[in-house]
Structure formats: C-alpha cells, structure tokens
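Q: Okay, structure incoming, though there's no sequence with it:
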C-alpha cells in the first residue's frame, strides 16, 4: 500500500460543477401606440375641487313657475308633407244654427191627469186583537184558512209526478223486453255438430300422437307433470267425443 501526500493544490469544487444554462431573454413589454398620443393631447384641468362647501341658495325671484317643470317630452316626427300645385282652400266652418226650441209642457196639468187615472191602493185587511187598538195583518196570522184554499192543495207535487212517470216507463220497458225476448237456448245444425265432432277427433289424434312421443322413463318431476296433464286432456277429449256422438240434438245457451 502506497501513501500519496498532497501538500498544495489549486482545485475548487465550484469550478468542477456544470454551470446552469443562461435564462432566455424576456419579451419586450406591450405598450400601446396611442398611450403617448393620449398623454400629449390630454389637457390637465387645474383647480378642480369637490364642489361648494355650502350649496348656494337661489334668489327668491328664481322659483319654479307654472309650465317650467319637467314635462312629457315632445315627440318629434320625421314626416314631411310635400304639396304639388295649388290646393283648394279649406272650407270654413258653418255658422252655428239655432237650437230647436223645446216644447213647453205644463207639468201641473200632466200630473193632475196622471193622478186622476191612478187607481187607489187596496186596503189590506187587518185584525184588531186588543182593546187598545193593536192591529195585525189577517194574512199569515192563522185566523183565516189559507193553505187549504190554495189551488194546488191536496195534489201530488210535480217532482213526485215526474218520478212516478220515470218509474212507470222503466217498468214498461222491462215488461216489453220480457214479453218479446227470444229464447236463449237454440239447437245447432247438423253441419255444425258434425264439424264439432271432427274437430274433437282431430284434436284427440294430435294429442295422442304427442303423448306417444313422450319418453318411456319418467324420472323427473317435469316429465311426470307433463304426462299427467296430457292424460287428463285425452280423457276430457274422449268424454266430449262420446257426449257429441251419443246426443244427435245439441242445444246451446247464449
């Protein structure tokens, strides 16, 4: 092993490291082309203040007079009227004529004639029931029979008459329907009976063919249920066929 002794050296660690890259130059700041022109043309207004310390009062003769307030603005129109040639003069307004005279009416005579023709008001009958002269009207007092003298006394009310008529019409309609109703039972023709029998036999043949195609081994519940259902349908078809064949006359109810 050898030992190296360094007495003096001029190496600096900062000179060994790489220097950072220089920063890119900044873009020039945007300046408006009109800014300098505006500054030159702007005239400073000196001696500007915030206003009067106290608002001056108008003199007494400067009060608001009639017609000087803020009113509706006058609408201006762009309409222009162009005249061609000489126009006829505007006709003058005719002079005001005399008003028609109202006929003179003697109201005293008219009122007297009306009073002669007016019939006197009939005196309403009254009843005095005390010695002091207390009177009351006979009408509505119960002293004189009134209700039994009415023209509709003892007659059936109109709403009951209408109700009875409506009920009678409904009963007549039901009676007419029962008398003229057709029989609900009717006999089917031989052609229909034969066609029904042929359709039943055809359904039995199709069902029998499907039943014979079932698997011999029924080891699952779905197979058992399907076989039992088809057997039940076959038995029902056989009963229907036997019923139609044994009865030549068949009646059907609507």
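A: Happy to help now that I have it. In this text, all values refer to a predicted model and were calculated from it rather than measured experimentally.
Q: What lies in contact with stretch 14-29?
A: Where contact means C-beta atoms under 8 Å, 6 or more residues apart in numbering, no residue beyond stretch 14-29 reaches it. In this view, the C-beta of every residue, glycine as well, is placed from N, C-alpha and C.
Q: And it, how far out from the chain middle?
A: 77 Å (C-alpha atoms, centre = their mean, to the nearest Å).
Q: now do stretch 114-123
A: 60 Å.
Q: That one - what's its average pLDDT?
A: In this model, stretch 114-123 has a mean pLDDT of 89.
Q: residue ranges for the helices of the stretch 1-150 of the chain, please.
A: Shown for the stretch 1-150 of the chain, the helices assigned by DSSP state H, counting those that start in this stretch span residues 13-16, 35-41, 107-117.
Q: Which among those is found nearest to residue 131?
A: helix 107-117 (38.5 Å; C-beta to C-beta).
Q: dump the residue contacts of residue 200.
A: Counted by C-beta under 8 Å, 6+ apart, residue 200 has contacts 237, 240-241, 244.
Q: just residue 146 next, same as before
A: Residue 146 neighbours (C-beta under 8 Å, 6+ apart): 139-140.
Q: any idea how far it lies from residue 112?
A: 40 Å (C-beta to C-beta, to the nearest Å).
Q: swap in residue 86?
A: For residue 86 relative to residue 112 (C-beta to C-beta), the value is 68 Å.
Q: Also residue 195?
A: 106 Å.
Q: for this structure, what are the low-confidence residue spans?
A: Judged by pLDDT under 70, the chain has its weakly predicted residues at 1-13, 43-48, 83, 254.
Q: change it to 50
A: In the prediction, the chain carries no residues with pLDDT under 50.
Q: roughly how far is the lengthiest helix in it from the heart of the chain?
A: Counting by DSSP state H, the longest helix found in the chain is helix 221-246. Offset of helix 221-246 from its chain centre (C-alpha atoms, centre = their mean): 60 Å.
Q: Tell me the buried residues in that helix?
A: 234, 237, 240-241, 244 (16 or more other C-beta atoms under 10 Å).
Q: any idea where the strands of the stretch 51-200 of the chain begin and end?
A: Per DSSP state E, counting those that start in this stretch, the stretch 51-200 of the chain carries strands over the ranges 126-128, 135-137, 185-187.
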